[in-house]
Every structure is written in structure tokens, then in C-alpha cells.
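> Everything below, folded, please.
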Amino acid sequence: MAQIRLKVSISGGTPDWREFDASSLDEALRTARQNGLRVLSIDEAREHPKSRPSGRFPLLLFTQEFLSLLEAGLGIMEALETLRRKENAPVAREVLDRLILGLREGKSLSEVFSFYPEIFPAIYMAGVRASERTGQLQVTLARYVVYRLRLDAVRKKVVSSAIYPVVLISAGVLVTLFLLGYVVPKFSLILEGASRNASAASRILLRLGLLIAENPAPVWGSFFTFILLAAISLSQKNIRARIAHCFSELPLIRPFMRTMSLARFYRTVALLLDAGIPLLRALEMAASLLPPKAALELTRVRERVRAGSALSAALSGSALLTPIAESLIKVGERGGKLAEMMERSARFLDEELDRRADRFVRLFEPLLMAFIGLIIGAVVVLMYMPIFDLVGSF
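Have a look, this model is predicted:
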């Protein structure tokens, strides 16, 4: 429990600061409402750190619903209050409460979004901040929705391409474990005496079967402990990032990662330019979407742009520019449609990613099936070799 200080008022009364014992901001706000108090603001200095939301906030869904209400004619405050009334998730309720309170304090929408940088990314807030100057909030939100949907579509394509190999590998591992953990021990117990003249590989396989049969608890306990530790490790964001980086350096995966990062980079720059963000600032904000080497190269590109070079000239000769993107960016610079041409470049890369994924699946899946078949076949053959030797001895 912690003390959270809120500025509240009763109908017709004078606003006053009160302290509430609560474990979260949402609980303090709920207590104030139950006591008939209207919450006007929060004492930021006294807000307990644990009152920050600890779950996931559905940013895309929030943006889509918020945009729909704005397009229907509701004001910003009305739209947020409507979303708050329909919300059941504690995290979303707490975030919406804080946004509404911030607006009541006279802050702008971009300022209240900045309360939660872990929820609202810098690209999102930059677009909203720019739209407050131009009065095009609905256009900015619509562009962000399209941007996120396209990024999610690309991500889903890559994930769907990986599902079948993962299922195939899992099935192969399970079959192999079944053979080693159940079938081989049965054969090893039967053929232990008759397998002395068998090949070294067969003897090793049969002894492994005996080991598993005689010590099932330690063997399977170690196996499931490894699975549990691996799952816990993968739940850590930094460990996942390291694993993803290692996979991205593999020869077969590197082209996919480069194409994905370039498509996301072009699309992000297009979104920011459409929102009215200057080119240099847009390039700086999009740098985080690139791998370290490409981000370093982008730093040199920004220096050339700052020195007065056109974007196409600054990107020329770098790994950040594809031949199609170079032509499109030049056209965009001549016609004042740079954002549109950057988006078109991202679409070309999306299509290239689809073609790469199709080729990868057509090539990799048969090879993977053949490899798993060889492993299972080798286990079966080595398991039956003592039987063949036994039959041949008569």
C-alpha cells in the first residue's frame, strides 16, 4: 500500500488535496469516485512508482476506437471518457484515467501521451504533436493505424512461414525422444546379451536406452528442467534480443532481416514525413529500427543531409538504398512526394520479402523433412541391427 495524493472536489465545493491509501492509481481513483469525489489532478511527486501499469495496453485497438469516435464527431475528452466507460481491463482503465486527468489539468494530448512512453512510442507521439499544430489529428491517427497494420501483416507473413518448420522439428524431436525413451529401452533389455557383436553405434544406442530405462526420473527431470529454464530465459526481453541477433547473422536468415528492417525503415520515415516531421528528425527517429551497423551508416547519411545533400544522394552507395528505392526517392524529391515514394519503396520490399519467404519455404521444408527422416531412420536401423546380426548367426 502507498499514499497517492489526488486533487478532488465535491459538487459545489472547493477543490482540495487528499491522500488515499491504495496499491495503485486505479484503486485510488476508484475509491475517490465511490466517495462521491471528482478527481481533478494527481500529485506527480507523490505518485507511487507501483501505480504505473504493469500489463499490456492494446495501442492499436485503442487508436482504432479513438479514431472512430473522433470521426463520429466526439471531442477528444468525450472520446477518451467513452473508451474509459466501456473498458474492463485494469491496465487500460488506469491509463485512460491518467490521460483524462491530464487533459483536465490543461495539458495537450501529446503531453498526456508522454506520461506513458512505454505504451506510446516516440513515432506515435511525434505524429500527434505535429497534428496539434496542423489540426489533422484524425489523419495522423489513420496513418498510424495503416502503418501498424502493414507492419503486423509483414510480421505475420514471416511468422506463418516459420510455423511449419517449427511444427516439423517439434514432431521430429518428439518421435526421436519416444524412440530413445521407450522403444530403445525395450530392445536394449531384450538384446543386451545378443548385441556384443553389434556395431559400436548400435551398442551405444542400446546402452543409452538402458541408461534411460534405469534412470527415468533424473533423465526426464533434466530434460524438462532444461525446457523450463529455456522458457524462462526466452521470457526475458534482453535474452530474446540476443538470440534474435544471433539468428539474424545466419546466412539463410540475414537477407530476410535486412529486407524487413529496410521496409520498416522506409515506412516509418514515410509516416513521419506525412505527419509533418522534418526529414532529419524523421531519419533520427527511424534509426532505432535498423541493426547496429545500418544505424551507424544512417548516422553518416544524416550528416550528408545536414550538409545540404538530397536524401537520394546521401543514401547513394550505402546498404540502406535498393535500386528501386533510389529511383523512387529521386522521383519523390523532384515532385515533392518523398513520403509517398518512401511508402512505395516499402511495398516493393514487402513483395520481395514474400518472394524470399516462398523460396525459403520451398527449399527448406524438403531438406528439413529429409534431415529428420534420416535421424529417425538412423535410430531405427541402429536399433534393429542387433536383431539382424542375431538372425544371421543361425
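> CA atoms for contacts and neighbours, from now on please.
Noted.
> domains for the chain, by residue range?
2-51, 59-146, 162-394 (automatic domain parsing).
> Just send the ones you listed back as TSV, with distance to residue 156, mean pLDDT and mean neighbour count too.
Below are the domains of the chain laid out as TSV (distance: least, Cα to Cα, whole Å; pLDDT from 0 to 100; neighbours: other Cα atoms under 10 Å):
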stretch	distance to residue 156	mean pLDDT	mean neighbour count
domain 2-51	34	63	16
domain 59-146	15	88	17
domain 162-394	10	81	16
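> want to throw those domains into a markdown table with distance to residue 154?
Below are the domains of the chain laid out as a markdown table (distance: least, Cα to Cα, whole Å):
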| stretch | distance to residue 154 |
| --- | --- |
| domain 2-51 | 35 |
| domain 59-146 | 12 |
| domain 162-394 | 7 |
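> So for residue 153, which of these sits nearest?
Nearest of the domains of the chain to residue 153, taken as Cα to Cα: domain 162-394 at 9.6 Å.
> all helices of the stretch 51-200 of the chain, in order?
With helices called from DSSP state H, counting those that start in this stretch, the stretch 51-200 of the chain shows them at 59-71, 76-86, 90-104, 109-113, 122-134, 137-178, 184-191, 200-214.
> swap in the stretch 251-394 of the chain?
Here the stretch 251-394 of the chain has its helices, by DSSP H, counting those that start in this stretch, at 254-274, 279-286, 292-306, 311-315, 323-335, 338-392.
> For those helices, please prepare JSON lines with the additional fields distance to residue 162.
Shown next, in JSON lines, are the helices of the stretch 251-394 of the chain (distance: least, Cα to Cα, whole Å):
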{"stretch": "helix 254-274", "distance to residue 162": "12"}
{"stretch": "helix 279-286", "distance to residue 162": "27"}
{"stretch": "helix 292-306", "distance to residue 162": "25"}
{"stretch": "helix 311-315", "distance to residue 162": "32"}
{"stretch": "helix 323-335", "distance to residue 162": "28"}
{"stretch": "helix 338-392", "distance to residue 162": "8"}
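> ok, residue 357 - contacts?
Contacts for residue 357 (Cα atoms under 8 Å, 6 or more residues apart in numbering) come out as 158, 161, 256.
> Show me which of these is closest to residue 145.
residue 158 (20.2 Å).
> Spatially central residue in the chain, please.
The chain has residue 155 as the residue nearest its centroid, 8.7 Å off, counting by Cα atoms, centre = their mean.
> Can you give me the distance of that residue to residue 254?
As judged by Cα to Cα, to the nearest Å, residue 155 and residue 254 stand 16 Å apart.
> and if you look at residue 174?
Distance from residue 174 to residue 254, counting by Cα to Cα: 29 Å.
> can you check residue 177 too?
31 Å.
> try residue 348
Using Cα to Cα, residue 348 is found at 18 Å from residue 254.
> circling back to that earlier point, relative to residue 313, which of the helices of the stretch 51-200 of the chain is closest?
Between these, helix 122-134 lies closest to residue 313; by Cα to Cα that is 25.1 Å.
> Show the contacting residues for residue 372.
By Cα under 8 Å, 6+ apart, the residues touching residue 372 are 169, 172.
> same thing but 10 Å
168, 169, 171, 172, 173, 175, 176, 366, 378 (Cα atoms under 10 Å, 6 or more residues apart in numbering).
> Likewise for residue 304?
Shown in contact with residue 304 (Cα under 10 Å, 6+ apart): 298, 310, 311, 313, 314, 315.
> closest to residue 342 among those residues?
Using Cα to Cα, the contacts of residue 304 come closest to residue 342 at residue 311, 11.0 Å.
> distance of the closest one from residue 63?
From residue 311 to residue 63 the distance is 31 Å (Cα to Cα).
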